[in-house]
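Q: model this:
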Amino acid sequence: MQLDRRGNIATRPALAVLGLILFALWFGALETRGLFWPDEGRYAEIAREMLASGDYVTPRLNGLKYFEKPPLQYWFSALAFRIFGLDEWTARLWPATTGFVLIVITVYLWWRWRGPDTGLIVGSVLTSAWGVLLGAQILTLDIGLAFFHSLALLAFIGAHRPLATPRAKAWAMTIVWAAMAGAVLSKGLVGIVLPGLALVVYAAVERDLSILRSVFTLRGIVVFLALTLPWFVLVQRANPEFFDLFFVQEHFRRYLEPGHNRPGQWWYFLAIGAAFLLPWTGAVPGALKDAWQAPRQGTLRAERLLVIWAAVVLVFFSLSRSKLPFYILPALPAVAWVLALSSPARRPKIASSAAIATIIAGVVMIATAMKLDAIEKLRDLGAGVASYPPYMIAAGGLLVVIGALSATLRARLAVTTRIALVAFVNVVALQILLVGAHVFDAYFSAENAIDTFVGEGQSFPAKPPFYSVGMLDQSVPFYLERTLTQVEHKGELANGIAAEPEKFIEQMSTFEAQWRALDEAYAVMPLKTYDELKSAGLPMTVMAVDPRRVFVARGPWPPAKATVPTKTP
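A: You can find the predicted model right below:
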């Protein structure tokens, strides 16, 4: 990388090269591993079923109504499937795209508002924070929510900058409302509740009600309602049970009541946030202190608002009775911006702290790789545990070497270059770990097992009955490109089964009777269930088996008459 005499990354050509490399790293490895259950298989399959059915109002999973989340990500993924085909790359395109666009927008705006150094630092921190990178590479809804929340925050800050004209402010506030609409369509009421809470807390701390009044613009509210209301009206008209399932159960009861098997101590998100902010975690306390004391610019203390936003997200989800790691993602961009906005005197400390954390992370990875097969909780993952250490050692070695280089060359390199160097190696190291995760496909994804009996360029037949017995692996319908009839096990589809009970088989004996009466049928089941049914004399021919599941056929496999058609172009 070309440097100028002061050790800075040399202006636009070098930055363009960095951007292209980042783009390749960000999007190049999305299909190197199968879709893991439950989240990745679930969200890919809902979008696939939307495309297959043409019903873009009622989300369905395995053919059953599924109202846990709004449809924006499903719509985008269905469009991607139509354009690029069914694939892991297209399934993960929404989180990757929203994560990448978030970085581009924030770098551009902070570069304009606070200068090139700030823009480069915010891009480096946001790109390489472990939680942001992982959230953009794994198929969940949370990075999309973080994108829209961050866009709303940036637009709000831009509207209150000293040089903002009335026209610019009006448009910025419209973007605030449009972004909140995107957040609501991504993950529900939290899309507007969190920004509202943050502004209320900020107004209380600053004793400035004018900030709250500035939010309520007629054009912004109209845009918000125009974007959000149509789907809610249409889905309620088509599904009278929607309001209770979506608002009452999936919002209020999920937040307030236990029972979703997602517990966590009060410090859960403090620990997750610290891990997700690596390698920048050590510099966060000092940066937060700087931000809280930063002066007002225009009508807003932007840095203080960012601190309050991150705190509100942390407290809000910490109080919830249902916790998952990626819930904290909307707080991370604000913390990254706070780090970038630190005083110039603090930036060398940020660079040194990140270099040390990078070295420590690399050493821990290498040490863990050496003992991976001795970790009892990982033994169920089978051969993958033996295959994964080389990836960990490669990633850890890079972290140690480049982290040490950044630390030892601190006198020769500009602080922005040191920060960018640490950021780059963390991105590369995490991508190595993600690429290596394909060794666990047999446990977490049905891709490999299904490929063995469907074959390259083939589709499984849609008409013969296919049962999911005693389990629901959300990746199975996606890779089969068809829905299954669930037997005994309801899982997360209990509400959908209650609405359409005819699509579910309650008793194993009913399944056995149907199976014996059929000439052609297929099923997937856990290994234990297969052993029990085989011992009971149920006629089954094994099509494929992996550490978690067995695929079986009723009758010979492959059948005498071909039933596995070639995919249409």
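
Q: confirm that residue 208 lies within a strand, as I assumed.
A: No. Going by DSSP: H, G, I helix; E, B strand; the rest coil, the assignment for residue 208 is coil, not a strand.

Q: gap between stretch 200-217 and the chain center?
A: 31 Å (Cα atoms, centre = their mean, to the nearest Å).

Q: that stretch: end-to-end distance?
A: 17 Å (Cα to Cα, to the nearest Å).

Q: same deal with stretch 371-383?
A: End-to-end for stretch 371-383, by Cα to Cα: 14 Å.

Q: what comes up buried for that stretch?
A: Neighbour counts over stretch 371-383 (16 or more other Cβ atoms under 10 Å) mark 372, 381-382 as buried. The C-beta positions use only the backbone N, C-alpha and C, and glycine is treated the same way.

Q: can you name every helix or strand that the strand or helix carrying residue 401 contacts?
A: For residue 401, the host element (DSSP states H and E) is helix 389-408. Using 3 or more Cβ pairs under 8 Å, 6 or more residues apart in numbering; DSSP states H and E, the elements in contact with helix 389-408 are helix 347-370, helix 415-436.

Q: give me the contact list for that helix.
A: 279, 351-352, 354-359, 361-366, 368-370, 372, 413, 418, 421-422, 424-426, 428-430, 432-433, 435-436, 439 (Cβ atoms under 8 Å, 6 or more residues apart in numbering).

Q: and with 7 Å instead?
A: With contact meaning Cβ atoms under 7 Å, 6 or more residues apart in numbering, helix 389-408 is reached by 351-352, 355-356, 358-359, 361-363, 365-366, 368-369, 372, 418, 421-422, 425, 428-429, 432-433, 436.

Q: and if you look at stretch 99-116?
A: 26, 118-119, 122-123, 126-127, 132, 135-136, 143, 147, 150-151, 154, 158, 161, 333, 337, 340-341.

Q: now render the buried residues of stretch 371-383 as CSV, adding distance to residue 209 and secondary structure.
A: Listed next are the buried residues of stretch 371-383 as CSV, based on distance: Cβ to Cβ, whole Å; DSSP: H, G, I helix; E, B strand; the rest coil:
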residue, distance to residue 209, secondary structure
372, 56, helix
381, 55, helix
382, 60, coil
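
Q: next one: phi and psi at residue 499?
A: Main-chain torsions, residue 499, degrees, to the nearest 10: phi -80, psi -30.

Q: neighbours around it, how many?
A: Each residue near residue 499 was counted by other Cβ atoms under 10 Å, and the total is 15.

Q: kindly report the same for the one 3 residues further on.
A: Using other Cβ under 10 Å, residue 502 is surrounded by 6 other residues.

Q: how near is it to residue 178?
A: Residue 502 sits 41 Å away from residue 178, going by Cβ to Cβ, to the nearest Å.

Q: now swap in residue 92 and tell me
A: From residue 92 to residue 178 the distance is 25 Å (Cβ to Cβ).

Q: tell me which element residue 523 is part of?
A: Secondary structure assignment for residue 523, by DSSP H and E: strand 522-525.
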